[in-house]
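**Q** Coordinates for the following, if possible.
(chains A and B)
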Amino acid sequence: MSATIPSPVKKLTDKIALAQLAQRGGVTTTFMRKLVRETIAIIEAGLLRDGIVKIHHFGTFRLETAKSAVPQVVFQPAKNIRESVLRAFGPTVHTGSRVSLPALLEKHLAWLTPSGTIENVESPAFEKSTAAEPAHEKFDINEVFPNLPDELPPRLTFAETAAAENELAPTPAEVKISAAPPVHTPPANGKPLNGQASKFTFAAPPENAAPVFPPAFFEPNRLPPKPVAPIRQRPFAWYAGAVAALMLLLLFLLPGRLGEKSKPASGSVSPETTRVVVLSNETTKLKNGASQLTPTTKTSAKPPPFFAGGTHRVIPEENLWKISGRYYRNPYLWPNIYRVNTGAIPNPDRLERDQQLALPILYGPPEQLTLEDRHHLAEGYFLLYRYYRTHEPALAPFALWAAVRYDARIRSEYAAELSADDWAFLQAHDVSRQVAER
Amino acid sequence: MTTDEIVKTLATRLQITQREARLHLRHLFDFVTQRLQKGETVSLPNLGALNAAAGKTRRTFDENTQAFIPQPSPLEFFFKPYKRLKARLQEWRA
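**A** Next up is the predicted model:
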């Protein structure tokens, strides 16, 4: 038996939403449709251009690229929006319990579709709960208790129950009359319990009487079966195709990986790699029939750079630290950007609005920088050292120390510019020497 | 990108004044805010879905009673970008 549940989902089509908006703004629905479409297109373009879209009194859409390789869009609501929504269905201050409004329980879905192609869709969660009934055996109580009356007796009030009990309660005289003579059934050892016989006995039930508890009641699995979660029908062919494609890909990639492993390293050669190289040389010798070994060299393609370079337009409240974190996924690499834009940036701690910055290439990822990247960073930090030497002398040694830490060759390249104090600072804070001493 | 820039671009594209564009923009986002207040999910076409829901539950440790006290889960705003925006972001990242 499937109960008909009234649908709690209210319908708010895009037409109604646009009509309400148009009525509020005093314009036509067509114009409002165009306005919504243009607004969303502008927001999307702003996200792709600047990575951030600030809407006054509404919130901020922001691109986050520092945590993962895939950029993610995060919405940070404005203070007034957060407070108003919190007032609507947030937790109460005193009890901490959540206020449940009907609108929160009945999940609505408001569409703002300017094209008009998307029709109103009811809540997917509600559709799922109503459409997919659990496929389990229904528990029929009449099978377990066949002698149950069809209708339950009417519920009595307290006064009626008390009156009925008084009427039905037997008097002591009735007890004496109706009580059967005591029949003592001795136990197995022949001695009565506690030295006394049982006072009462029960008359045997009639033969044709239906048992109160049928045998089905005493069966171990008399309880209704637990509802089994419905198995979601998944497209098997899709999964099978994906698994097969993955297996084929692995089969094709495995020889290539082995070939890469067989290439000897520049520093130390492991026994396994040596063996593979010798075998390959012998094979070449047999094929050619010549006595001279022909070494097999494989040309490996240079991996693509981590960041291919580009340009960036500065937006308000932005600095080199943020830009580096956005593009390089490591804000500490910002002197690399400063190195390229030294002429355009008079003060590296402050950028001007709408300023076009060139973003240099980064070959390796931030955690595995290449030697070239490290040298570029060292140069950037040395340029920073030059700037701080004239503007903020207290910070200059630290910039120099960072430059040397990224690439020690910077000391010999710019040795003429370093003063005796700088050399003393570097000697006192020599990281490599401190590590060696430990 | 800020609201001023959106208003200017909108006024240029729709050939209306900036004041009108700002007013319509205000109405649009007020409408979205009202829907969020009712616990609804607002779908911005080609961009994503925006909704407000309860975040992760927290609990604090009370040193007096040596017990954990459950705290009400905070309200959080979620924005789920659609496939089109994701594809655009992937292209932009590449």
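**Q** Would you point out which residue is most central in chain B?
**A** B:Leu50 (5.2 Å; C-alpha atoms, centre = their mean).
**Q** residues in contact with that residue?
**A** With contact set as C-beta atoms under 8 Å, 6 or more residues apart in numbering or on different chains, B:Leu50 has these partners: A:Phe75, B:Val32, B:Leu36, B:Thr41, B:Val42, B:Ser43, B:Leu44, B:Phe77, B:Phe78, B:Phe79. Placement of C-beta: from N, CA and C, glycine included.
**Q** And the helices in chain B?
**A** B:3-14, B:18-37, B:83-93 (DSSP state H).
**Q** Of those, flag the one that's most buried.
**A** helix B:18-37 (a mean of 19; mean count of other C-beta atoms under 10 Å in any protein chain shown).
**Q** Dump the helices of chain B into CSV; add mean pLDDT and distance to chain A as well.
**A** Converted to CSV, the helices of chain B look like this (pLDDT from 0 to 100; distance: least, C-beta to the nearest C-beta, whole Å):
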stretch, mean pLDDT, distance to chain A
helix B:3-14, 91, 4
helix B:18-37, 88, 4
helix B:83-93, 81, 5
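**Q** mind checking which of the ones you listed is nearest A:Glu317?
**A** helix B:3-14 (14.4 Å; C-beta to C-beta).
**Q** quick one, the closest one and helix B:18-37 angle?
**A** Here the directions of helix B:3-14 and helix B:18-37 differ by 110 degrees (axes from the mean of the first three to the mean of the last three C-alpha atoms, to 10 degrees).
**Q** what packs against helix B:3-14?
**A** Here helix B:3-14 touches helix A:29-50, strand A:52-55, helix B:18-37, going by 3 or more C-beta pairs under 8 Å, 6 or more residues apart in numbering or on different chains; DSSP states H and E.
**Q** For it, which outside residues touch it?
**A** Contacts of helix B:3-14 (C-beta under 8 Å, 6+ apart): A:31, A:34-35, A:38-39, A:42-43, A:46, A:53-56, B:16-18, B:20-22, B:24-25.
**Q** Between helix A:29-50 and that helix, find me the angle.
**A** Here the directions of helix B:3-14 and helix A:29-50 differ by 130 degrees (the same axes, to 10 degrees).
**Q** For chain A, give me the ranges with low pLDDT.
**A** Chain A contains residues with pLDDT under 70 at A:1-13, A:66-69, A:88-158, A:161, A:164-236, A:255-301, A:431-438.
**Q** ranges for the strands of it?
**A** Assigned by DSSP state E, the strands in chain A fall at A:52-55, A:59-64, A:72-77, A:109-111, A:310-313, A:356-359.
**Q** With respect to chain B, which of those lies nearest?
**A** Checking the strands of chain A against chain B by C-beta to the nearest C-beta gives strand A:72-77 as the closest, at 3.7 Å.
**Q** which parts of that closest one are buried?
**A** A:Val73, A:Phe75, A:Pro77 (16 or more other C-beta atoms under 10 Å in any protein chain shown).
**Q** Quick check: closest non-adjacent residue to A:Gly46.
**A** Distance criterion C-beta to C-beta, 6 or more residues apart in numbering or on different chains; nearest residue to A:Gly46, sequence neighbours excluded, is B:Met1 at 3.1 Å.
**Q** Can you give me every residue that contacts the one you found?
**A** By C-beta under 8 Å, 6+ apart, the residues touching B:Met1 are A:Ile42, A:Ile43, A:Ala45, A:Gly46, A:Leu47, A:Arg49, A:Asp50, A:Ile52, A:Val53, A:Lys54, A:Ile315.
**Q** By neighbour count, which of those wins?
**A** Neighbour counts for the contacts of B:Met1 (other C-beta atoms under 10 Å in any protein chain shown) peak at A:Val53, which has 27 neighbours.
**Q** pretty sure that one is in contact with A:Ala41, am I right?
**A** No - A:Val53 is beyond contact range of A:Ala41, at 11.9 Å (criterion: C-beta atoms under 8 Å).
**Q** about what we covered before: keep the buried residues of strand A:72-77, but drop any that are not near chain B.
**A** A:Val73, A:Phe75, A:Pro77 (C-beta under 8 Å from any C-beta of the partner chain).
**Q** Can you report how many residues lie near A:Val314?
**A** 19.
**Q** Stretch A:55-65: end-to-end distance?
**A** One end of stretch A:55-65 to the other measures 21 Å (C-alpha to C-alpha, to the nearest Å).
**Q** Just want to check the distance between the residue nearest to A:Leu384 when sequence neighbours are not counted and A:Arg339.
**A** Take A:Leu384 and drop its neighbours on the chain: the residue closest to it by C-beta to C-beta, 6+ apart is A:Ala399, 4.3 Å away. Relative to A:Arg339, A:Ala399 is positioned 12 Å away (C-beta to C-beta, to the nearest Å).
**Q** Counting neighbours, go ahead and name the busier of the two.
**A** A:Ala399 (21 against 18).
**Q** isn't that one right up against A:Tyr381?
**A** Yes - using C-beta under 8 Å, A:Ala399 is in contact with A:Tyr381, at 5.2 Å.
**Q** Tell me the spacing between the closest residue to A:Arg411 other than its chain neighbours and chain B.
**A** Distance criterion C-beta to C-beta, 6+ apart; nearest residue to A:Arg411, sequence neighbours excluded, is A:Val404 at 5.8 Å. Using C-beta to the nearest C-beta, to the nearest Å, we find A:Val404 at a distance of 33 Å from chain B.
**Q** show me the residues around A:Val404 that make contact.
**A** A:Val404 neighbours (C-beta under 8 Å, 6+ apart): A:Ala378, A:Ile410, A:Arg411, A:Leu426.
**Q** and which of those is nearest to B:Gln90?
**A** Set against B:Gln90, the nearest of the contacts of A:Val404 by C-beta to C-beta is A:Ala378 (33.1 Å).
**Q** Nearest residue to that closest one in space, please, no chain neighbours.
**A** Closest residue to A:Ala378 apart from its sequence neighbours, by C-beta to C-beta, 6+ apart: A:Asp407 at 3.6 Å.
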